[in-house]
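>>> Fold the following.
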Amino acid sequence: AEWQRHYAALRELVADEEGQAEVLPGFTVHGMDVGKWLARQRIPKVWQTLTGGQRQRLEQLGITPPAPEPEEPAKPSTAPVSAFEKGVAALAQYKARTGSVTVPRGHVERLEGGTEVKLGVWIMNQKGRRAKLTADKLQQLADLGLEWASV
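Next comes the predicted model:
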């Protein structure tokens, strides 16, 4: 009933208009803010909840929803996610810079984006856990040049 009242007021308002009428929020008819109501109807989410008949009635008055804004595709993150991936990235960066995978125990490597990895400690932890590491993780470490990770 509420929707019908606002629609009737809008229809009465635009009946004498040539072409598309611009009804802005704050425009009232019989004490109802028809402009605010219309702006709400044109929100894509609200438009989708309208019945087919309601959409058809609005379209007959020349009212259409604004084109939905194109969604920006999510940029795939290039940042490592897990602690293991951060460690691998830090080791690769260290190796590229120094040409070696012999890292002092106290060394801290700063990754792009500001993340700090205690690389020396991380390598010692991986070496201690090598029996529990998956084959692909061991292979990643071996590919970087850690001899103890060779399977």
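
>>> For residue 96, give its distance to residue 145.
11 Å (Cβ to Cβ, to the nearest Å). C-beta: built from backbone N, CA, C; applies to glycine.

>>> between the two, which one's more packed in?
Neighbour tally, residue 96 and residue 145, criterion other Cβ atoms under 10 Å: the higher count belongs to residue 145, 15 against 8.

>>> residues in contact with the helix or strand of the chain with the lowest mean pLDDT?
Every helix and strand of the chain was ranked by mean pLDDT, DSSP states H and E. The lowest is strand 28-29, at a mean of 78. With contacts defined as Cβ atoms under 8 Å, 6 or more residues apart in numbering, strand 28-29 is touched by 9-10, 12-13, 34-35.

>>> residues in contact with residue 27?
Neighbours of residue 27 in contact, by Cβ under 8 Å, 6+ apart: 13, 33-35.

>>> how about low-confidence regions in the chain?
16-21, 66, 68-80, 151 (pLDDT under 70).

>>> In it, which helix is the longest?
helix 83-98 (DSSP state H).

>>> Listing partners with orientation, what would you give for the next helix-or-strand element following that helix?
Counting by DSSP states H and E, the next helix or strand C-terminal to helix 83-98 is strand 109-110. Sheet partners assigned to strand 109-110 using DSSP bridges are listed as strand 116-117 (antiparallel).

>>> Can you mark which positions in the longest helix of the chain are buried?
Buried positions in helix 83-98, judged by neighbour count with 16 or more other Cβ atoms under 10 Å: 84, 86-95.

>>> Using JSON lines, please lay out the residues you listed together with distance to residue 59.
As requested, those are exported to JSON lines (distance: Cβ to Cβ, whole Å):
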{"residue": "84", "distance to residue 59": "56"}
{"residue": "86", "distance to residue 59": "54"}
{"residue": "87", "distance to residue 59": "58"}
{"residue": "88", "distance to residue 59": "56"}
{"residue": "89", "distance to residue 59": "54"}
{"residue": "90", "distance to residue 59": "58"}
{"residue": "91", "distance to residue 59": "61"}
{"residue": "92", "distance to residue 59": "58"}
{"residue": "93", "distance to residue 59": "58"}
{"residue": "94", "distance to residue 59": "63"}
{"residue": "95", "distance to residue 59": "63"}
